[in-house]
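[1] coords please:
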Amino acid sequence: MRRMARGVGMAIVAMLVTACGPVVRFEMKPLEAVPKHVPEQSFVYDADGNQLAVLRTEFRQPVAIDTLPEYLLDAVLAAEDRRFRKHAGLDPRGILRAAAVNAAAGEIVQGGSTITQQLVEARYDLGAPPASAPAKTREALLALRLEQEQSKDAILEEYLNTVYFGNGAYGVEAAAWTYWRVSAADLDLNQSAILAGIIRSPERLDPADNPGAAQARRDEVIDAMVEEGWLPPDRAEATRAAPVTAMPPPTRPETLEPHWVNFVVRSLLADPAFGDTEDARARLLYGGGLRIHTTLDPRMQQLAREATDVLDYEGAPAIALTAVEPPTGRILAAVGGRDFQASQFDLATQGRRQPGSTFKTFVLTAAISQGMTPDTVVNGSQGVLDTVNGPWRLRNANGVSYPHLSLREATVGSVNAAFARLGQELGMERVAGTAKSMGVASPVNLDPPVAIGALDVGVTPLDMASAYATLASGGDHAPAYGIDRVETADSEVIWRPPNTPNRVLAPDIAHVVTDILEDVVTRGTGRRAQVPGRPVAGKTGTTDDNADAWFVGYTPQLSVAVWIGHPNSRERARDARGRLIQGGTVPAEVFSNFVAAALRDEPVEPFALDEAFLVTIEIDPRTGLLAAEWCPGEEQTMPHILVPRETCPRPPEPEPSATEVASTGPSRFETEPVEQPTESASEPTEGEPRPTRSPSPSPTPTPTPSASPSQ
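    Presented below is the predicted three-dimensional model:
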């Protein structure tokens, strides 16, 4: 008490300038002051503007003064600073009155600080204990300066948005919601007087915990309003008769789509655009009043949840799904787990698993980029391949060798041995570079087994949906992003994603790869991914231990990755009947169901190639080579990169014997008839007979890698 009195005494000189009469204006010397950080909660929204989450350390929601009822403003002034409209920041009369009341009571029961002084104390670090003489003197001088720089309404508005009302509520808007679940604009006179009374001692005057004390203080506020002529006596009497009630403090607002919200938070905390350090970024995120608008489409998210809700039984594996809009990179849906309370780990954006044969698409793309065609003959024979890491035993999933196989058929049948050799021929640096340029953000090592999907750390569904979207958009890669824009509380846009698409593949290359992957869906291992009436391209993938099952596919409008497995183990994934789950079964079906529903009302778009990349040319239908005068052809339109470089061979001069026919030999596009490969011997492609051979493991290097794939 004596210490505060000394502080007040030190400030009296500054106060005397406003003791009597009109306000005196004078020039103040510059006074350095360090503003305090005043936290304001941030909000996260989906693409339709629906609130998903509130991010805060304090509950604070600013509101404009002109939206508040006049009696609320009067009640606060009556409770805290009756002469606010008359003084210049300091009120000696109020100080003297408070001192007399406090002396009579023997304790501090009334404060002498003006609203302006209270705001200064809340706004600035005064560099000394609040009740000390240096702090009070500095507070007084800053209050005088604040009154010269800002209007009364501006000061009162900031005060009403800053002052603490108890139960974690800062400002009248947060307080109105905390105690009555209404906006401050809808407070009645009784509630306004209760709130104004709380300011003096928020914990002691809590209307929910101590309604008697809150009522007594409310009546004091009502009496003061009457004394100042701000409230008619009859209305005051009616207000005193009103009960003092309040609701229990609300729980923190529920977070919808918590896995997604955590992804958004992680993205912002990792972005230097929001601060030099993670601590600085966290302060901005949880106290900067941001409005974070994300790309999550609520309709597609609901459809994704419905599509992935198919394995509901004891010990069922988890399903993750990510959907990306190919031309833009917008993440439209992301299912990262069933129960956030059980596991906060986001399988859609954090879960790195072995991709199996879905990674072969990058080998295929690299091959087409290097001049190979769908009809290029590759060797899919089982055997031993010499690699930089030693001999690698090559085995196909169904135990069958395919010594002369077109690149198209090797992809349709997902022939491991063919892609293992192809990866070595192309060079794993080229394969890894292709994957990264197309959108795989996870690290890709350069070991030979990577060609068939055995990576050191795996990939996420987001990686794969983003990379396949590059093919869907004709070779343009738009980095996947989940935040559309970040705004201030005043709707000023302060950040947008740097998501300019990059051309990483020539459109004709992307088109040829897509054409091959369409065959995977129409007649290969991905038949169950078909969407009636729509073109679909994609690739299945299953690791050799059946711990990871994938389908990654796309239409021109949507790129989707589906993964199934046990998040915390390499346990085999099985369906409700105990059958092993493979990429061509449940993952493909989940893809089909989701895409069919998501695009139900969208027009059907073909996988088209710009005419600039097409050429119409005469082709010999017998050999598939360029036509010539000795072998007339038929007109065909094709991507330029598929135009044959050779003409059909000139027939030899006829022999004397009219019965002997010259043979030109097999075309380089003809392949030896072989048994059609399937992705897995244990689950044959629908419509084909079950192979009679016993299933064998897919190719594994020697020594065996930690997680090698099969198809």
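[2] Okay, now the unreliable bits of the stretch 1-150 of the chain?
    For the stretch 1-150 of the chain, the stretches with pLDDT under 70 are 1-34, 36-37, 94-112, 127-128, 130-131.
[3] just the helices in it please.
    Listed in chain order, the helices found in the stretch 1-150 of the chain under DSSP state H, counting those that start in this stretch are 2-15, 70-80, 92-105, 115-123, 133-149.
[4] what's Glu203 in contact with, if anything?
    Gly166 (C-beta atoms under 8 Å, 6 or more residues apart in numbering). C-beta coordinates here come from the backbone N, C-alpha and C atoms, glycine included.
[5] what's the distance between it and Asn210?
    According to C-beta to C-beta, to the nearest Å, Glu203 and Asn210 sit 9 Å apart.
[6] Equivalent analysis for Tyr313, please.
    Distance from Tyr313 to Asn210, counting by C-beta to C-beta: 53 Å.
[7] what's the spacing between Pro501 and Leu462?
    For Pro501 relative to Leu462 (C-beta to C-beta), the value is 17 Å.
[8] Neighbour count for the two, which is higher?
    Shown here are Pro501 and Leu462; by other C-beta atoms under 10 Å, Leu462 has more neighbours (28 against 16).
[9] The more buried one belongs to a strand?
    No. Leu462 is assigned helix when assessed by DSSP: H, G, I helix; E, B strand; the rest coil, not a strand.
[10] for it, what are its contacts?
    For Leu462, the contacting residues are 322, 324, 331, 334, 348-349, 441, 480, 561, by C-beta under 8 Å, 6+ apart.
[11] One more: Asp508?
    Asp508 makes contact with 609, 613, 639-642 under the criterion C-beta under 8 Å, 6+ apart.
[12] Redo these as JSON lines? Include neighbour count, distance to Thr543 and pLDDT.
    As requested, these are exported to JSON lines (neighbours: other C-beta atoms under 10 Å; distance: C-beta to C-beta, whole Å; pLDDT from 0 to 100):
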{"residue": "Leu609", "neighbour count": "20", "distance to Thr543": "34", "pLDDT": "81"}
{"residue": "Phe613", "neighbour count": "18", "distance to Thr543": "36", "pLDDT": "79"}
{"residue": "Pro639", "neighbour count": "20", "distance to Thr543": "33", "pLDDT": "84"}
{"residue": "His640", "neighbour count": "13", "distance to Thr543": "38", "pLDDT": "75"}
{"residue": "Ile641", "neighbour count": "17", "distance to Thr543": "33", "pLDDT": "80"}
{"residue": "Leu642", "neighbour count": "18", "distance to Thr543": "33", "pLDDT": "82"}
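[13] Give me the subset of the residues you listed that lies in strands.
    Pro639 (DSSP state E).
[14] of the contacts of Asp508, closest to Arg93?
    Leu609 (83.9 Å; C-beta to C-beta).
[15] that older thread, Tyr313 and Asn210: which is more packed in?
    When Tyr313 and Asn210 are compared for neighbours, Asn210 comes out ahead with 16 against 9, by other C-beta under 10 Å.
[16] Distance check, that one against Ile198.
    For Asn210 relative to Ile198 (C-beta to C-beta), the value is 10 Å.
[17] Ok, Gln382 next?
    Gln382 is 80 Å from Ile198, by C-beta to C-beta.
[18] Settle it for me: which of those two has more neighbours?
    Taking neighbours as other C-beta under 10 Å, Gln382 and Ile198 compare with Ile198 leading, 28 against 18.
[19] was I right about that one contacting Arg204?
    No. Look at Ile198 against Arg204 with C-beta atoms under 8 Å: they stay out of range, at 9.2 Å.
[20] per-domain residue ranges of this protein.
    The chain resolves into domains spanning 2-34+46-240, 258-609+695-711 when parsed by automatic domain parsing.
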